[in-house]
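Participant: Pasted the sequence and its predicted model underneath.
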Amino acid sequence: MKKQEKQILEQNRTATQEKGFTFIEMVVSIALFAVVALSSTQILKMVLEGQQSAITSQNIQENMRYVFEVMSKEARVATISNDECEDIFSPSASAENKVFNETEINDNDALYFKNQYGECTVYYLSDSGVMMITRGEDTASTTPNNLAINSLEFSIEDDGIGEVHSMQPKVTVNMNVTTDTNDEMHKKEMKLQTTISSRYYE
């Protein structure tokens, strides 16, 4: 008889152990699943935002690389201009250097020089934040509409007019570029700098 009772008790214990989840276990499982799902979603969102930011930065760099290449190619073969290009500005600018000269247009720096074809060439910033170039009577934009240049600065190292030639003329270009969009997620700001040396020697 005792053997039968033991067997019945053992069967009851086994049956109890084989029952499904309790309500508390189910609530805890759901909570854990929710935490894992939320964490995964946040991680995916961060990855996508990082990827978008990297793509935006790459687009800015590629667009501005073109601008720097155009400017560098032309500035490297610039010739001495002294005060020969001052009359294209109103009021007339005052030349200080021999190859590269600087003035202000729209409260921003403007770089001007005479290119290899003898044309007075000016790089400057428009009111809308687009870098413009004027060669003789022709004017064109060099940056795309989806980028805005917030600041443009030129720093010139060159001999002054009338001075003995003692250094290789060079100009350092500094600019602050942002993507022209109202979407904060896709907005990116970048500071860029390059130095261009002239091949001109007296």
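Facilitator: Perfect, I can see it now. Numbering: from 1, shown residues only.
Participant: Helices of the protein, residue ranges please.
Facilitator: For the chain, the helices defined by DSSP state H cover 2-17, 23-76.
Participant: just the ones you listed: most buried one?
Facilitator: Comparing the helices of the chain by mean neighbour count (mean count of other Cβ atoms under 10 Å), helix 23-76 ranks first with a mean of 12. Bear in mind the C-beta positions are built from the backbone N, C-alpha and C, glycine included.
Participant: So for that helix, mean pLDDT?
Facilitator: Averaging pLDDT along helix 23-76 gives 83.
Participant: helices and strands of this structure: which one bottoms out on pLDDT?
Facilitator: Lowest on mean pLDDT, DSSP states H and E among the helices and strands of the chain sits helix 2-17, with a mean of 57.
Participant: so can I have CSV of the helices of the chain showing distance to Asn115?
Facilitator: Converted to CSV, the helices of the chain look like this (distance: least, Cβ to Cβ, whole Å):
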stretch, distance to Asn115
helix 2-17, 90
helix 23-76, 5
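Participant: surely Leu147 meets Thr179?
Facilitator: Yes: counting by Cβ atoms under 8 Å, Leu147 touches Thr179, with 6.3 Å between them.
Participant: Next, show the common contact partners of those two.
Facilitator: Common contact partners of Leu147 and Thr179 (Cβ atoms under 8 Å, 6 or more residues apart in numbering): Ile60.
Participant: These two - which one has more neighbours?
Facilitator: Leu147 (21 against 18; other Cβ atoms under 10 Å).
Participant: give the contact list for that one.
Facilitator: 60, 63-64, 177-180.
Participant: Determine which two of the residues you listed are furthest apart.
Facilitator: Met64 and Asp180 (13.5 Å; Cβ to Cβ).
Participant: Out of the helices of the chain, the one nearest Pro169 is which?
Facilitator: Per Cβ to Cβ, nearest to Pro169 of those: helix 23-76, 9.1 Å.
Participant: name the helices or strands packed onto that closest one?
Facilitator: Judged by 3 or more Cβ pairs under 8 Å, 6 or more residues apart in numbering; DSSP states H and E, helix 23-76 is in contact with strand 147-157, strand 170-179, strand 189-197.
Participant: Tell me which of those strands sits most buried.
Facilitator: strand 170-179 (a mean of 19).
Participant: For the nearest residue to Ala95 once chain neighbours are set aside, give me the pLDDT.
Facilitator: For Ala95, ignoring the flanking residues on the chain, the nearest one in space by Cβ to Cβ, 6 or more residues apart in numbering is Asp83 at 4.1 Å. pLDDT for Asp83: 80.
Participant: likewise Met132?
Facilitator: Note for Met132: predicted pLDDT of 91.
Participant: So it sits against Ile149, correct?
Facilitator: No: applying Cβ under 8 Å, one finds Met132 not in contact with Ile149, separated by 10.2 Å.
Participant: Give me the common contacts of these two.
Facilitator: Leu125.
Participant: Hmm, Thr139 is touching Met132, no?
Facilitator: Yes: the criterion here is Cβ under 8 Å, and Thr139 meets it with Met132 at 6.1 Å.
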